[in-house]
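Asker: everything below, folded, please.
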Amino acid sequence: MRDILDTVTASLRYVLALSAIGIACSSVGGRAQTSMSSGTTMLSASVLVTWMVHSEADGASVLDVAVFWRGAPGWFTVGDPNSRSGGGSSSGLPDGRRGPETHFIAVGSLKLEVTFDPAARSAKVQGETMSTDDANVILVDDVDSPAGPRIVSTMLVDARSSNSPVNIEAVVARTPALVPFLRCDARFPNQPQRPRIEAETTQQIADLICARLTGQ
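Answerer: Down below sits the predicted model:
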């Protein structure tokens, strides 16, 4: 029983927040520090989202970039839990400004990666670079397909919030065009390697998130 509980706990921790880091770095010229946070979380049975935000001197929270990763239902819970991981790294520039920040998701041989460069105001997703001044939300589909992940759409959404940090669910809720991408009607498939209690709990969490996002 303890082994099952450990497996469930580890897997749910992976599903709910693959990574979350908070960093503080001094800005140039003695101005107030900039607080940064980022992470990856589940939005539905088919979609994970990686987000990066920062807080400005006036207390406002600003979304730098959000990447929505979609695949077949349950793509991020397949296989051995030990083959799944996620993380992030960030470093400051010599002059004290924020440096590029990278996040990755690994599921078996699949690796998804996004890097945000605050100086260049650009995001690099699976090797493709684009300006976040033109698009701060990036939709990536078919992440687990044999052909590989592909960027299918980008959009520019209201990035500034009085909340700290930006609530990614609120961003989706006020951007109706994002909701269909989540495929909220999708269900986790039967995955024999997953304990039943884990599968049921994960589905319940996905249902609750989707209900909040769709207002149902």
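Asker: touching, L156 and M130? I think so.
Answerer: No: assessed by CB atoms under 8 Å, L156 is found out of contact with M130, at 11.0 Å. No exception for glycine: its C-beta is placed from N, CA and C like everyone else's.
Asker: looking at those two, which has the bigger crowd around it?
Answerer: Ranked by neighbour count (other CB atoms under 10 Å), L156 and M130 place M130 first, with 16 against 12.
Asker: need phi/psi at that one.
Answerer: phi -150, psi 160 (degrees, to the nearest 10).
Asker: distance of the closest residue to it other than its chain neighbours from I138?
Answerer: Nearest non-adjacent residue to M130, counting by CB to CB, 6 or more residues apart in numbering: A123, 6.0 Å away. Separation of A123 from I138 (CB to CB, to the nearest Å): 7 Å.
Asker: need the overlap of contacts for these two.
Answerer: Taking CB atoms under 8 Å, 6 or more residues apart in numbering as the contact rule, A123 and I138 both touch 65, 67, 114, 130.
Asker: the most centrally placed residue in the chain pairs with what?
Answerer: Note on the chain: the residue nearest the mean C-alpha position is T50, at 1.7 Å, using CA atoms, centre = their mean. Assessed by DSSP bridges, T50 has beta-bridge partners T40, V67.
Asker: next one, pLDDT for it please.
Answerer: On pLDDT, T50 comes in at 94.
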